[in-house]
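>>> Please find the sequence and the predicted model below.
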Amino acid sequence: MEIIVDAYHEEERAMGWYYYLEDNLAFPCKAKCTAKRSISPLKTGEIVEVTGMAPEEECMHEMFVEIQWEKQKLAVPLSQLKGISVTDETRQAIEDWHYWVSMGYQF
């Protein structure tokens, strides 16, 4: 996968994904929660506005994005979101991350 082609360590793979997503996701964008996660307050079907990538240090084991939620900024797993009316690049980047997760790959 080109995203992590020269990444040999966990941190390099995480940062490869981080910068790929940061470069290809168009913010702000709308997204729908497609899966309940114990680390996230979002409910399946809930629609949120994604405002950007979470800080790098939050993305060392999984990719998180920041959303506006109940008048505050909150980081949630990208794996639980699906873009709504997003650009082709954004859709592809989200699908790429979902594929990585679904295959059980890790950093």
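In hand now; what should we look at?

>>> can you count the residues close to residue 32?
15 (other Cβ atoms under 10 Å). For glycine as for every other residue, the C-beta is placed from the backbone atoms N, C-alpha and C.

>>> My error: substitute residue 52 in the last question.
14.

>>> Remind me what the helix or strand of the chain at the bottom of the mean pLDDT ranking packs against, helices and strands.
Lowest by mean pLDDT, DSSP states H and E among the helices and strands of the chain is helix 10-24, with a mean of 93. Applying 3 or more Cβ pairs under 8 Å, 6 or more residues apart in numbering; DSSP states H and E, one finds that helix 10-24 contacts strand 47-53, helix 88-102.

>>> Direction included, what does whichever helix or strand comes after that helix pair up with?
Following helix 10-24 in sequence order, the next helix or strand is strand 29-33 (DSSP states H and E). Sheet pairing for strand 29-33, assigned by DSSP bridges, gives strand 47-53 (antiparallel), strand 81-84 (antiparallel).

>>> Out of the ones you listed, which gets nearest to residue 14?
Nearest of the strands paired with strand 29-33 to residue 14, taken as Cβ to Cβ: strand 47-53 at 11.9 Å.

>>> Go ahead and confirm residue 41 touches residue 69.
Yes - between residue 41 and residue 69 there is a contact at 7.1 Å, judged by Cβ atoms under 8 Å.

>>> The two: who's more crowded?
Higher neighbour count among residue 41 and residue 69: residue 69, with 16 against 12, using other Cβ under 10 Å.

>>> what's the burial count for the residue nearest to residue 91 when sequence neighbours are not counted?
In space, and not counting its chain neighbours, residue 91 is closest to residue 83: 5.4 Å by Cβ to Cβ, 6 or more residues apart in numbering. Residue 83: 20 surrounding residues under other Cβ under 10 Å.

>>> Now do stretch 11-24: distance to the chain's middle.
10 Å (Cα atoms, centre = their mean, to the nearest Å).
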